[in-house]
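K.L.:
Build me a model:
(one chain, ligands or ions: 1)
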Amino acid sequence: MAEVIDGKSVAEDVVRTVKALTAELVAKGKAKPGLAVVIVGEDPASQVYVASKSRTAKECGFHSLQHTLPAETSEEALLKIIADLNADPAVNGILVQLPLPAHIDAGKIIQAIAPQKDVDGFHFINVGKLGTGELDTAFVPCTPAGSMLLIERVRGKDLSGLNAVVVGRSNIVGKPMANLLLAANCTVTIAHSRTKDLPALARTADILVAAVGRPEMIKGDWVKPGATVIDVGINRIPAPEKGEGKSRLVGDVAYAEAARQAGAITPVPGGVGPMTIAMLMANTLASAYLAAGLKRPS
Ligand code: NDP
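P.N.:
Predicted coordinates for the structure are as follows:
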């Protein structure tokens, strides 16, 4: 049976380290890192994520700001808030919770965030830096960055020559994940909905990352024996066995059968999920170190 990769415990390690490095920064007489989270509208899932981000920021010892705006907020008003946060020296990281209401152009908002405060790593400057291997100054999107840390925990830092298959090519997970694996000298293939014979391709992977959004799509016999399987998917499916109307979370990988083949695998929940918020804290800390003229912590 595969080693179960405990994302919750790795995320707790990351948060502990961020907290310690925040204390070091403050001890040097520098301002504590500031994270501003902006939410527009009342999407219940977004509210849960935002509350959790603000709570973890406080736990790290950050200056934590939250802008909760009504759903009818105009694009212009939101751009003004972003401009103010860009200019505020107490703010090192700006996160606009997605999705935004349909009348606001999310792309325009993201590109309005100062690249050095773009701790989600979605600004073109940061996308470009990741794509060209400028990892010392890039902000890398949190979910792939967290997935990479989990891979390194299992396989060590030297991933040279390993075959990596990333299933999914979104801008927030699949593409940045593939770029990180490429920067780590893996031989990377990106698969998507038009890929032919995905099971055969997946079986070539020493590292298999699933970021599809389709419950338990990746079957046990798609997994190469001994592979590291990172399941980014979060899907809610009905669970009548738990009672009428109940549901449960599953990943994009059929966990039980994949765990019989894999060398190591992330569970859902408790795998990649907790890493996303932890890496947001790490990015905000890095931004604060850079703003203070210090070397970014590794
Ligand atoms: P998107 O919907 O943006 O992208 C899904 C990708 O999967 C697309 O590239 C699509 O291909 C591909 N795909 C869809 N169907 C198939 C198929 N049958 N075979 C092969 N590829 C397929 O999703 P995200 O990248 O935003 O998210 C992926 C999953 O990760 C979701 O479950 C999401 O909830 C989860 N997630 C988890 C996070 C966490 O913190 N753990 C954070 C972010 C996301 P094509 O491009 O051809 O359409």
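
K.L.:
Quick one: the strands in the stretch 1-150 of the chain, in order.
P.N.:
Using DSSP state E, counting those that start in this stretch, the strands of the stretch 1-150 of the chain run over 3-4, 34-40, 63-69, 93-96.

K.L.:
Quick one: the ones you listed as JSON lines, columns for mean pLDDT, distance to Pro215 and mean neighbour count too.
P.N.:
Every C-beta, even on glycine, is put in place using the N, C-alpha and C of the backbone. Shown next, in JSON lines, are these (pLDDT from 0 to 100; distance: least, C-beta to C-beta, whole Å; neighbours: other C-beta atoms under 10 Å):
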{"stretch": "strand 3-4", "mean pLDDT": "98", "distance to Pro215": "19", "mean neighbour count": "14"}
{"stretch": "strand 34-40", "mean pLDDT": "97", "distance to Pro215": "27", "mean neighbour count": "24"}
{"stretch": "strand 63-69", "mean pLDDT": "96", "distance to Pro215": "32", "mean neighbour count": "17"}
{"stretch": "strand 93-96", "mean pLDDT": "98", "distance to Pro215": "28", "mean neighbour count": "26"}
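
K.L.:
Between those, which one is closest to the ligand.
P.N.:
strand 93-96 (13.2 Å; C-beta to the nearest ligand atom).

K.L.:
Can I get that closest one in PDB? Just the C-alpha atoms.
P.N.:
Extracted in PDB, the C-alpha atoms of strand 93-96 (Å, rounded to 0.1, in the frame of the first residue of the first chain):
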ATOM      1  CA  GLY A  93      -0.100  40.600  -0.300                       C
ATOM      2  CA  ILE A  94      -3.400  41.200  -2.000                       C
ATOM      3  CA  LEU A  95      -5.800  38.400  -2.700                       C
ATOM      4  CA  VAL A  96      -9.100  38.800  -4.500                       C
END
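
K.L.:
That strand and the ligand, are they touching?
P.N.:
No - for strand 93-96, no contact with the ligand is found by C-beta under 6 Å from any ligand atom; the gap never falls below 13.2 Å.

K.L.:
Relative to that strand, what are the paired strands and their orientations?
P.N.:
Strand 93-96 has the following strand partners under DSSP bridges: strand 34-40 (parallel).

K.L.:
just how off-centre is the partner strand within its chain?
P.N.:
Distance of strand 34-40 from its chain centroid, counting by C-alpha atoms, centre = their mean, to the nearest Å, is 16 Å.

K.L.:
elements contacting the helix or strand bottoming out on mean pLDDT in the chain?
P.N.:
Ranked by mean pLDDT, DSSP states H and E, the helix or strand of the chain with the weakest confidence is helix 44-59, at a mean of 93. Applying 3 or more C-beta pairs under 8 Å, 6 or more residues apart in numbering; DSSP states H and E, one finds that helix 44-59 contacts helix 7-27, strand 34-40, strand 63-69, helix 273-291.

K.L.:
For the ligand, find the nearest of the ones you listed.
P.N.:
Judging the helices and strands packed on helix 44-59 by C-beta to the nearest ligand atom, what sits closest to the ligand is helix 273-291, at 3.6 Å.

K.L.:
From the contact count, pick out the helices and strands touching that closest one.
P.N.:
Identification of packing neighbours for helix 273-291 by 3+ C-beta pairs under 8 Å, 6+ apart yields helix 7-27, strand 34-40, helix 44-59, strand 93-96, helix 142-155.

K.L.:
Quick check, pLDDT for the residue most central in space within the chain.
P.N.:
With distances taken as C-alpha atoms, centre = their mean, Thr143 lies nearest the centre of the chain, 1.5 Å away. pLDDT for Thr143: 98.
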